[in-house]
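Participant: Please work out how this folds:
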Amino acid sequence: MKLVVIEVVGGKKSGKTTTIEVLTRELTRRGYRIAAVKHIPEPDFTIDKEGKDTWRYAQAGARTVIGVSSEEVATIEKMHVGEFSLKEILARCRNSDIVFLEGFKKVAAKSREVSKIAVVKSSGAAAEAVKTYEPILAFTGAFSTEKLGLKPPYVDLFRHAGKLADLIEELVKKKR
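Facilitator: Okay, here's the model as predicted:
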């Protein structure tokens, strides 16, 4: 099965993370393997902690550091990510059926291969999403777009998460 990639887009504090969380829970319950990829724009952010052994390995020059515990494996790759492509990101999700992206709008905005779920808080945000993103699979969020006459459907995530998951499942079936 080919990978289904969905970028969840919207303004700050619009509910993007919550949307991914709810959909991940529902789609995992249905048997799908989910990957969630978050772009972290803060400069100098690191998942590694100063003084820890993995940090010390990287400081010594290791370009790849892998931490293995009883419940997870974490891979830290030291590299300049300015030219890191969507293809390279998705290659790291090879054991998944569905990948949710958050924070990659510049990379994925006009990519026809990446469906978008637009999380909106106002009619202005919905109008901006229509101009900026293609294709939009659905709208969700605090503002219902139903009265705007837009083609992508509005789905209330908290009342009908299953309907939004159904739309994603349809994409999965088309990719088979």
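Participant: Which strand residues bridge residue 118?
Facilitator: Taking DSSP bridges, one obtains residue 9, residue 139 as the residues bridged to residue 118.
Participant: ok, it to residue 51 distance?
Facilitator: Per CB to CB, to the nearest Å, residue 118 is found 42 Å from residue 51. To be clear about C-beta, it is placed using only N, CA and C from the backbone, and glycine gets the same treatment.
Participant: who's in contact with residue 67?
Facilitator: 54, 73-74, 76 (CB atoms under 8 Å, 6 or more residues apart in numbering).
Participant: which pair in those spans the largest distance?
Facilitator: Greatest spacing in those, by CB to CB: 54 and 73 (11.9 Å).
Participant: So between the two, which is more surrounded?
Facilitator: For residue 54 versus residue 73, the count of surrounding residues by other CB atoms under 10 Å is larger for residue 54: 16 against 8.
Participant: re the thing from before, which one of residue 118 and residue 51 has more residues nearby?
Facilitator: Applying other CB under 10 Å to residue 118 and residue 51 shows that residue 118 carries more neighbours, namely 28 against 8.
Participant: ok, the more buried one touching residue 152?
Facilitator: Yes - using CB atoms under 8 Å, residue 118 is in contact with residue 152, at 7.5 Å.
Participant: Give me the packing partners of the top helix by length along the chain, helices and strands only.
Facilitator: When the chain is scanned for its longest helix (criterion: DSSP state H), the result is helix 157-175. In terms of contacts (3 or more CB pairs under 8 Å, 6 or more residues apart in numbering; DSSP states H and E), helix 157-175 is packed against strand 4-10, helix 16-29, strand 136-140.
Participant: mean confidence for the last one?
Facilitator: Averaging the model's pLDDT scores along strand 136-140 yields 97.
Participant: Run the angle between that strand and helix 16-29 for me.
Facilitator: Using axes from the mean of the first three to the mean of the last three CA atoms, to 10 degrees, the direction of strand 136-140 lies 110 degrees away from that of helix 16-29.
Participant: Closest to the centroid, which residue in the protein?
Facilitator: In the chain, the C-alpha closest to the average C-alpha coordinate belongs to residue 101, at a distance of 1.7 Å (CA atoms, centre = their mean).
Participant: Provide the secondary structure category for residue 14.
Facilitator: Residue 14 falls in the coil class when you classify it by DSSP: H, G, I helix; E, B strand; the rest coil.
Participant: what sits against the residue nearest to it when sequence neighbours are not counted?
Facilitator: Of all residues not flanking residue 14 in the chain, residue 119 sits nearest, at 4.5 Å (CB to CB, 6 or more residues apart in numbering). Shown in contact with residue 119 (CB under 8 Å, 6+ apart): 8-10, 14-16, 19, 139-141.
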